[in-house]
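> Coordinates only, no sequence provided:
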């Protein structure tokens, strides 16, 4: 019976038939039954059961094989010559069971058995190479599961020994070469050492050459050589490798007879090779052949066979690829079924389970992208998360799994707009890129996905660092992808989209021109009929539309319409991207109508948007954008046709968009603004609701998780909306609401910083843990937010991106902590905007006049001491926003455009200033603004001494006009004809800022010391020698009263100055100032032309600070784009903690500054102790003294620029 079993065993090895293997098992089973104690029979039965398991996949066979071989080993006495063979057989059986079940104990025990077998086999023994080879195979399998590099290294080492110990001509030599080639291929995939893949190919080529035609192993080695060629192709991209791979594998399949147990494996590998070639060349015959090969492999493999899940998985993968090519829903549905079967047939703990889960998630993702079923994307995320969790760090598949999880998060974000999803997507892609070595074939794909996710987040949050890094990542993806690669058009398309988005933010023409060229390439490289063709046409159309809006070339808009029409036509009904393409087409029709006025275009635009809205699910994040776009089209049509139905519809759509709880805050804010503007005419009853919605959205528009630069960008148009909102509230006679809105909606960044620094003593008393966490997060956010200045420099981009992502995470957590706090009784209003009862405290020491100006009128809202909730309204009917804007333009032409920073050298006698222009401006301010306010306050009698204070809070263009100097001068001048005859003026960025200045000075180690900083020279600036005289004058007045720390020229480094500011209560700067287009980059120029920037100053947070005197140029000149944000050096000193600041609105004469500064300090230092809150009075008197000195020769340019901010 034993001999019969052996004969049948040999027959099976030749034929591979099920009948032969069944008879082999029966023969050995009978032999064991007749002689239960015969160890050799037990071992033979164990081996035959293993063979049948490999053929039919019955787990019972595998378990019985292990049991028989364990019994055989146990019954073999120590020292017996058969012990190594028994160990080897048991190790192989455990290895096969591990490959089926994935039980780590099996593979670990297999390695131990095979190590013992090798160790007990003496050198020179004919079985030594075979046992080394088996040990190498088991180590390779364990490496595939755990990713331990030592396993694959040892596998290569022992297989090399097996080859070396086997003489040329030995029949097993080709097998050992084959297995060594396989291990080298595995190591190459991990370490990307090109010598490994090249050596792998050489080993396998030798194996093929040494195996004669007709040898049963010939198909086996041809198969493995084909796999190695695939591996090298994936790295080098050499088409000859993938073509050779197909030839080798076709030959292997051809040589493998029907019914042979290895035929499914070889069909599977050939299918994989066809798939790879398709991915490179896009030949449809390859993807069709791939699917056919995988289908045959699956069909020929019986249920329960250990390889069945793998073949199902690969078939699913090829169907996904085919679906991506032709968009046939039956392919993606079948793909999902294949992956589900693969997952279900694979036991938990199996090394391939994570891959199957990942691929199932990927297939569900593709189906979601086509059908939009939320259950698919949610399940996709779960599958991908499980795959990542089950894969140990260091495993070669980890980057790919992270990448696919990122794709699932990204797609779910696209639908639902959950910020946590896009943040997780970016993190997954960043990890995938970081873990993938340069040169790896999947690196371009991971870079593309990272770039794409950053591009999507940039649209949502408006973070410039995101879009800059996106462009960089996508450029790298394109650069690393060879021409002709199937994915190259996709990477190009995404790069074009990213460049377009950057153009929208920065307006750089080179970006939009590149975007169009790249999008054209992507379209050209995408064959007709490809499922991505509509997407690429849509991207090209959108870029052409953007370029038309900038340059106005009609050929661009006409071509854009054609591209977008094709995109819509080629997108099947039910496709989730149909609505976006309809929207893009609608936008192009709207834009062409605005240029050419063809009514058919505006009608088509409305229809496109209406169709898109009909298709969009209720909770889709894109819905507010579509509603807003439809509102815009209806608005254009209403202006043309005056159809009442359009008017009501447009308000309805704007309202729905603005009030949505999902979607981009920027879109919702724009919709709220449009709603409000139209409500003035169409639906006045909803105006307050519209503006309330807009102002409540400001914290999201200027989200704390963004850099200050990004927040300023998003606030550039917000000030106008807030001023219009205040005008609407004033028209409704709700003056308190107007005041609240103006304080909440202006100087937003100011308010955010003060909010971050607000003491939490009351909260800490009862909830110390929450208080400490809030303070910690606020401090972190203050630092990261101020540091994150957006740049495009690749060398700085990585650290900038890290800061941005830290800010996002911290801001989200801080919001969560605030929600917890506000859920506590008595803390419901914690850190929410101040109401009028609190804001009225700003008028503690004198009236505060907020002067609001908008297209709807000019009004003053005045708070007065002792009247908590009372707001005095003064309509300023003779003053308009157009008049204010003209004045700002005239003034700028006189004193120099923003950016002029020199503190002028010497006398200004040679400066031919048109005094009559500024005189006219001051008289207009007197009649139009100041005198009506004085009348409302019943201040009608001028006084020459003991003047009271007034604080001005001007809005919009008024922030650039010298209200403090308003009056009649020259021939019309008389006592009582100017503001300074009645009141002493100060300014404040907001009511909250003034309230902050009234705080009692905190106890500090800082003594009353004056820091004097002088820097007469700076690169590219005039030399200003008067700075030395200025400080000498100050020192004379301070002698014996206040110590002066003087940092002059080279001593005035940024480090020394900041240290001095922390140690001194007063600070005086006599140097050049510099106003920059990026406001937070505006700076005081110190030693070596170093720059103490606004972004540096606002982080100082000096609780002891009292007074700052900026005797530099344009220190109180803000940005014309950010009129309501008070972004200038003077305001930054207030934010740093100084209670009062003297600055200048424009350049001052070098011979004037010492006199004014000397007089200010002479007055302040008379008192003991000196009182910094009298700085405004000191400046008033110093200017008055200077005017009296000059008499009739006085020039407005000498004294008007000096202003006081704060308490």
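That came in fine, so what should we check first? Because the structure is a prediction, the values reported are computed rather than measured.
> Let me see the contact set for residue 1096.
Going by Cβ atoms under 8 Å, 6 or more residues apart in numbering, residue 1096 touches 1054, 1058. The C-beta positions use only the backbone N, C-alpha and C, and glycine is treated the same way.
> and it, backbone torsions?
phi -80, psi -40 (degrees, to the nearest 10).
> before we move on, what about residue 1203?
Dihedral angles for residue 1203 - degrees, to the nearest 10 - are phi -140, psi 160.
> any idea how far it is from residue 283?
74 Å (Cβ to Cβ, to the nearest Å).
> ok, the two, which is more surrounded?
The residue with more neighbours, out of residue 1203 and residue 283, is residue 1203; 23 against 13, by other Cβ atoms under 10 Å.
> List the contacts of residue 638.
Contacts of residue 638 by Cβ under 8 Å, 6+ apart are 646, 647, 650.
> Now with 10 Å, please.
For residue 638, the contacting residues are 602, 644, 645, 646, 647, 648, 649, 650, 651, 678, 681, 682, by Cβ atoms under 10 Å, 6 or more residues apart in numbering.
> Name the helix or strand for residue 574, please.
Following DSSP states H and E, there is no helix or strand that holds residue 574.
> Am I right that it is in contact with residue 371?
Yes - look at residue 574 against residue 371 with Cβ atoms under 10 Å: they come within range, at 6.7 Å.
> what residues are shared contacts of these two?
residue 329.
> Compare the two (neighbour count), which wins?
Legend: neighbour count by other Cβ under 10 Å for residue 574 and residue 371, higher for residue 371 (14 against 11).
> So the closest residue in space to residue 981 that isn't next to it in sequence: helix, strand or coil?
Counting by Cβ to Cβ, 6 or more residues apart in numbering, residue 981 lies nearest to residue 942, which is 3.8 Å off, once chain neighbours are set aside. Under DSSP: H, G, I helix; E, B strand; the rest coil, residue 942 falls in the coil class.
> Show me where the stretch 901-1050 of the chain has its strands.
Ranges of strands in the stretch 901-1050 of the chain, per DSSP state E, counting those that start in this stretch, are 948-954, 983-987, 1007-1015, 1044-1048.
> and those, which is most packed in?
Most buried of these, by mean neighbour count (mean count of other Cβ atoms under 10 Å): strand 983-987, with a mean of 25.
> related to what we said a few turns ago, restrict the contacts of residue 638 to the buried ones and give me that as a ChimeraX selection.
Buried residues within the contacts of residue 638, by 16 or more other Cβ atoms under 10 Å, are selected in ChimeraX with:
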select :602,646,647,649,650,651,678,682
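> quick one: which of the contacts of residue 638 sit in helices?
602, 644, 645, 646, 647, 648, 649, 650, 651, 678 (DSSP state H).
> Residue 933 is in contact with residue 858, isn't it?
No - using Cβ under 10 Å as the test, residue 933 is too far from residue 858 to be in contact (11.4 Å).
> rewinding a little: out of the ones in helices among the contacts of residue 638, who's nearest residue 1189?
Residue 1189 lies nearest to residue 678 out of these, by Cβ to Cβ, at 56.9 Å.
> related to what we said a few turns ago, now tabulate the strands of the stretch 901-1050 of the chain in TSV and tack on distance to residue 1060 and mean pLDDT.
TSV is the format used below for those (distance: least, Cβ to Cβ, whole Å; pLDDT from 0 to 100):
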stretch	distance to residue 1060	mean pLDDT
strand 948-954	29	97
strand 983-987	26	97
strand 1007-1015	4	90
strand 1044-1048	6	94
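> right, and residue 62 touches residue 92 too?
No - contact criterion Cβ under 10 Å: residue 62 and residue 92 do not qualify, at 11.3 Å.
> who touches both of the two?
residue 50.
> buried stuff in the strand or helix carrying residue 177?
Residue 177 is part of helix 173-191 when elements are defined by DSSP H and E. Residues 173-190 are the ones in helix 173-191 that count as buried (16+ other Cβ under 10 Å).
> now for the next helix or strand along the chain from it, which elements pack on it?
Later in the chain than helix 173-191, the nearest helix or strand by DSSP H and E is helix 194-210. Under the contact definition 3 or more Cβ pairs under 10 Å, 6 or more residues apart in numbering; DSSP states H and E, helix 194-210 sits against helix 149-165, helix 173-191, helix 218-236, helix 239-254.
> I'd like to check the angle between the third one and helix 173-191, please.
By that I understand helix 218-236. With axes from the mean of the first three to the mean of the last three Cα atoms, to 10 degrees applied, the angle from helix 218-236 to helix 173-191 works out at 20 degrees.
> Looking at the strands of the stretch 901-1050 of the chain, which is nearest to residue 497?
Comparing these against residue 497 with Cβ to Cβ, the closest turns out to be strand 948-954 (42.0 Å).
> Adjacent strands (with direction) for the closest one?
Its sheet considered, strand 948-954 pairs with strand 848-854 (parallel), strand 983-987 (parallel) by DSSP bridges.
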